[in-house]
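1. no FASTA, just this:
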């Protein structure tokens, strides 16, 4: 960890920007999922303004697995990535890059959940779309970060600490 | 030191975000509703003093847990203020509560035999019993029996268009009054924040009685 100064990436600015976007998008996804989870636990309807699909989707049988709302899984998912992003900023541990392909799990889950909304429930929930967009953005950003950080990974791998 | 700042900052931001969200959701229904769009009329389910100048209107959903918790509070309020105010119950069945409509139909059907409030009492007091049923009709029929309704007429009214239209009209009126959550209370035509206790409710009513012409 002390070698972080020696192992700066070749494109540090790009990596830093991508990381901040990653954290920002993660935070938006987190807020969105927390909102859905909180409305569910408090028992308030989801405020969707002119859109009517929110309540239909948020109250459907597909909105929970074994009684646990999917939005809670979503919130934990975004929390995981945010904490991991901060952990990388703090530690520069290349394990972060190794874990990044796991964002594909969120991407696939979003595809499935959007599919269920479109073809099974036949209603679209604005907040779920926002979450799907967030996890898709995290997935795309994971490539950018991996590419921008490849210099750093190599540098760290070849550093004596490893 | 920098590390501690990073992690402490992250945790504080996340905790604030969650706390802020909980606060926003809890207060959302109080800021979104406006004025009562549909004035009280003879078609409303009303109790208390019909001549009173102070009117409390509640948009409620029989399957909503918060409405159930407010039910005894409103009952107590009516025991105390029954001669001074009038209370109107309007249906606002939320789409996520699939038994909210049938129960609203049952209450209206009971109302056709003059026992709307008795049915409301049965429905709220037994919410756990019917909330998750695939079809609550038989259970509702047993309540009708319990409060001494003509079962045949009850079933007829339950299925009637009149009753369905009444519930739908209430709902549409609520939408026009910008009701977003249940329960939403309107005191003399203005939406009020859901009082957090009986005393808070009492204070709001007292103030309305004092201000009434």
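-> Structure received. Note that the structure is a prediction, hence the values are computed from the model and not measured.

2. element containing the closest residue to residue B:122 other than its chain neighbours, please.
-> Counting by Cβ to Cβ, 6 or more residues apart in numbering or on different chains, residue B:143 is the residue found nearest to residue B:122 once chain neighbours are left out, at 3.9 Å. All C-beta spots, glycine's among them, are computed from the backbone N, C-alpha and C. Counting by DSSP states H and E, the element that carries residue B:143 is helix B:137-146.

3. what helices or strands is that helix leaning on?
-> Using 3 or more Cβ pairs under 8 Å, 6 or more residues apart in numbering or on different chains; DSSP states H and E as the contact test, the elements touching helix B:137-146 are helix B:100-111, helix B:116-125, helix B:127-130, helix B:151-158.

4. Now mean pLDDT and mean neighbour count too, for these, in TSV please.
-> Below are the helices and strands packed on helix B:137-146 laid out as TSV (pLDDT from 0 to 100; neighbours: other Cβ atoms under 10 Å in any protein chain shown):
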stretch	mean pLDDT	mean neighbour count
helix B:100-111	96	25
helix B:116-125	97	20
helix B:127-130	93	16
helix B:151-158	96	16
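
5. For chain A, what's the nearest residue on chain B?
-> residue B:96 (2.8 Å; Cβ to the nearest Cβ).

6. can you count the residues close to that residue?
-> By other Cβ atoms under 10 Å in any protein chain shown, 21 other residues sit near residue B:96.

7. Just say helix, strand or coil for it.
-> Using DSSP: H, G, I helix; E, B strand; the rest coil, the three-state assignment for residue B:96 comes out as coil.

8. how about it, phi and psi?
-> phi -80, psi -10 (degrees, to the nearest 10).

9. Within range of chain A, give me the residues from chain B.
-> Proximity of chain B to chain A, by Cβ under 8 Å from any Cβ of the partner chain, involves residues B:3, B:6-7, B:10, B:14, B:17-18, B:21-22, B:25-26, B:28-29, B:32, B:64-66, B:94-97, B:180-182.

10. Now do the helix holding residue B:143, average pLDDT.
-> What helix B:137-146 shows for mean pLDDT is 96.

11. can you check stretch A:142-158 too?
-> 70.

12. who are the neighbours in contact with the residue nearest to residue B:38 when sequence neighbours are not counted?
-> Closest residue to residue B:38 apart from its sequence neighbours, by Cβ to Cβ, 6+ apart: residue B:173 at 3.7 Å. By Cβ atoms under 8 Å, 6 or more residues apart in numbering or on different chains, the contact set of residue B:173 is B:37-38, B:90.

13. Among the residues of chain B next to chain A, the buried ones, what's the ChimeraX command?
-> A single ChimeraX command is used to select the members of the residues of chain B next to chain A judged buried by 16 or more other Cβ atoms under 10 Å in any protein chain shown:
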select /B:10,14,18,21,22,25,28,29,64,66,94,95,96,97,180,181,182
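
14. As a markdown table, the helices and strands packed on helix B:137-146 with distance to residue A:76 would be great.
-> Converted to a markdown table, the helices and strands packed on helix B:137-146 look like this (distance: least, Cβ to Cβ, whole Å):
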| stretch | distance to residue A:76 |
| --- | --- |
| helix B:100-111 | 31 |
| helix B:116-125 | 35 |
| helix B:127-130 | 30 |
| helix B:151-158 | 44 |
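
15. from memory residue A:88 sits against residue A:19, does it?
-> Yes. Using Cβ atoms under 8 Å, residue A:88 is in contact with residue A:19, at 7.1 Å.

16. tell me the domain ranges of chain B?
-> Listed by automatic domain parsing, the domain ranges of chain B are B:1-30, B:45-211.

17. coming back round to it: so residue A:88 and residue A:19 - more neighbours on which side?
-> When neighbours are counted by other Cβ under 10 Å, residue A:88 comes out ahead of the other of residue A:88 and residue A:19, with 23 against 20.

18. Where does the more buried one fall, secondary structure wise?
-> helix A:70-91.

19. who does that helix touch, helix- and strand-wise?
-> Judged by 3+ Cβ pairs under 8 Å, 6+ apart, helix A:70-91 is in contact with helix A:12-42, helix A:95-99, helix A:103-115, helix A:126-157, helix B:2-32.

20. Let me have these in a markdown table, extended by distance to residue B:108.
-> Putting the helices and strands packed on helix A:70-91 into a markdown table (distance: least, Cβ to Cβ, whole Å) gives the following:
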| stretch | distance to residue B:108 |
| --- | --- |
| helix A:12-42 | 29 |
| helix A:95-99 | 57 |
| helix A:103-115 | 38 |
| helix A:126-157 | 33 |
| helix B:2-32 | 24 |
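
21. Any regions of chain B where pLDDT drops low?
-> Applying pLDDT under 70 to chain B flags residues B:28-34.

22. Nearest residue to the middle of it?
-> For chain B, residue B:60 is the residue whose C-alpha lies nearest the centre (Cα atoms, centre = their mean; 2.0 Å).

23. Quick check: phi and psi at it.
-> Torsion angles, degrees, to the nearest 10, at residue B:60: phi -140, psi 160.

24. and the gap between it and residue B:205?
-> 17 Å (Cβ to Cβ, to the nearest Å).

25. Equivalent analysis for residue A:36, please.
-> Residue A:36 sits at a distance of 35 Å from residue B:205 (criterion: Cβ to Cβ).

26. Give me the more crowded residue out of those two.
-> Shown here are residue A:36 and residue B:205; by other Cβ under 10 Å, residue A:36 has more neighbours (28 against 20).

27. quick one: pLDDT of that one?
-> pLDDT, residue A:36: 89.

28. Excluding sequence neighbours, find me the nearest residue to residue B:146.
-> residue B:122 is the one closest to residue B:146 (Cβ to Cβ, 6+ apart), at 6.5 Å.

29. so which strand or helix has residue B:175?
-> Here residue B:175 sits within helix B:161-176, counting by DSSP H and E.

30. For that helix, buried residues please.
-> B:163, B:166-167, B:170-171, B:173-174.
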